[in-house]
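Asker: Give me coordinates for this.
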Amino acid sequence: MKAVLLDRPGTPDTLRIGNIDLPEPGPGEIRVRVHAASLNPADYKIMGGGLPSWTYPHIPGLDGAGVVDAVGPGAAPWKIGDRVYYHGDMAKRGALAEYAVASAAAAARIPDTVSFADAASIPTAGLTAYQALNRKMRLREGQTLLVHAGAGGVGGFAVQYAASVGARVLATASAANHDYVRSLGAEAVVDYTTESLRERVMEWTNGEGVDAALNTVNRATAQADLELLAFGGQLACIAGAPENVADFKPSSKTFTVHKLMLGGAFGHPKAEAELGALAEEFIALYVEGGFRSIVAETIPLEDVPAAMVRLSGRHVRGKIVALLG
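Answerer: Below is the predicted model of the structure:
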């Protein structure tokens, strides 16, 4: 089968297109004929050092959508022909191939009204946003939320979900993406390159700070976010927790910090099932709530290496999705 291959730990420009043997599903696994797979920053970040479990050539790609092609032992209720999407186990070969193996427990059914491309854009970005705002912070109507990188994958889904529950959203984005982020449901947008985020947040919240913040950037900005929280506020971190929570001043402020990583579910049966439940819930909400697609670009598999290089420049709006069939 044709696949995107990484011959050794390296940068996105070392990826190549090649052929590799068809995978076979093991216990609790399904094989998927991949129709679409989205690109994620996690894909190129992990490439640099690789993982001890990888065998080379390795196939990247955390997010896949397609049709069940084979069912391993204990993978019920899936059957051949089912339309599914999933967040993959980063310790194993990924979805940027004509066929891929996925955890049966972590997969979810794709409604007929959702395209493979839109489904493939959801797992890493959409489920991370949903887990943070729904499961962890339990965001509700009237609360204020700061979303970093509102034009990105996680940010784009977070803005839409928050708006759907009636929360007020302030997002960061470059000036070129302000209209786009507002169209997703943000009430206010801050240009992080020219404006003071602290000043804008305090002005927007009448000096109280935000009830919740979703940080997708790094540990340094997560640390700074602690000062932007209201009393009793919550911070969810995707790309690293604050560097120094214990000594944060003022010590009189109470707050909660959540560190999220979807991939940590694999190897824990209950957590894998919860990941599948998240996927089922979110795609139903996606349909019922009329969420806007954040697929910015679709490409053939052959263009993935170049697209991954562009993605590593960290200025891509929405999601890039590779179409395979």
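
Asker: can you dump the C-alpha coordinates of stretch 222-235 into CSV?
Answerer: Provided in CSV are the C-alpha atoms of stretch 222-235 (Å, rounded to 0.1, in the frame of the first residue of the first chain):
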residue,chain,number,x,y,z
ALA,A,222,0.5,29.1,30.2
GLN,A,223,2.4,30.6,33.1
ALA,A,224,1.3,34.1,32.0
ASP,A,225,-2.3,32.9,31.7
LEU,A,226,-2.5,32.3,35.5
GLU,A,227,-2.5,36.1,36.0
LEU,A,228,-5.4,36.5,33.5
LEU,A,229,-7.7,34.1,35.4
ALA,A,230,-10.6,35.4,37.6
PHE,A,231,-10.7,34.2,41.2
GLY,A,232,-11.5,30.4,41.0
GLY,A,233,-10.7,30.4,37.3
GLN,A,234,-9.5,27.4,35.3
LEU,A,235,-6.7,26.9,32.8
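
Asker: Show me what it is in contact with.
Answerer: 136-137, 144, 146, 197-198, 201-202, 205, 208-213, 215, 237, 239-245, 248, 253-258 (CB atoms under 8 Å, 6 or more residues apart in numbering). (Glycine included, C-beta is placed from N, CA and C.)

Asker: What of stretch 108-115?
Answerer: Contacts for stretch 108-115 (CB under 8 Å, 6+ apart): 36, 65, 82-86, 116, 119, 276, 279-280, 283-284, 286-287.

Asker: what about Asp225, how many neighbours?
Answerer: Per other CB atoms under 10 Å, the neighbour tally for Asp225 reads 27.

Asker: the strands in the stretch 1-150 of the chain, which residues?
Answerer: With DSSP state E, counting those that start in this stretch as the criterion, the stretch 1-150 of the chain has strands at 2-5, 16-19, 29-38, 63-71, 83-87, 99-103, 108-109, 144-147.

Asker: Now do stretch 180-196: distance to the chain's middle.
Answerer: Remark: stretch 180-196 is offset 20 Å from the chain centroid, using CA atoms, centre = their mean, to the nearest Å.

Asker: For that stretch, buried residues please.
Answerer: Within stretch 180-196, the residues scored as buried using 16 or more other CB atoms under 10 Å are 180-182, 184-190, 192.

Asker: Next one: Gly18 from Pro27, what distance?
Answerer: 28 Å (CB to CB, to the nearest Å).

Asker: I meant Val34, not that one.
Answerer: Counting by CB to CB, the gap from Val34 to Pro27 is 21 Å.

Asker: which one of those two has more residues nearby?
Answerer: Val34 (29 against 9).

Asker: nearest residue to the more buried one other than its sequence neighbours?
Answerer: Gly66 (4.3 Å; CB to CB, 6 or more residues apart in numbering).

Asker: Any idea how many residues pack against the one you found?
Answerer: Neighbours around Gly66, by other CB under 10 Å: 28.

Asker: Identify the bridge partners of it.
Answerer: On the basis of DSSP bridges, Gly66 is bridged to Val34, Val84.

Asker: Just the pLDDT at it, thanks.
Answerer: At Gly66, the pLDDT value in this model is 98.

Asker: contacting residues for it?
Answerer: Contacts of Gly66 by CB under 8 Å, 6+ apart are 32-36, 83-85, 100, 116, 324-325.

Asker: TSV for those residues, including distance to Arg317?
Answerer: Output for these, formatted as TSV (distance: CB to CB, whole Å):
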residue	distance to Arg317
Val32	27
Arg33	29
Val34	24
His35	23
Ala36	18
Arg83	27
Val84	27
Tyr85	22
Ala100	26
Phe116	21
Leu324	23
Gly325	25
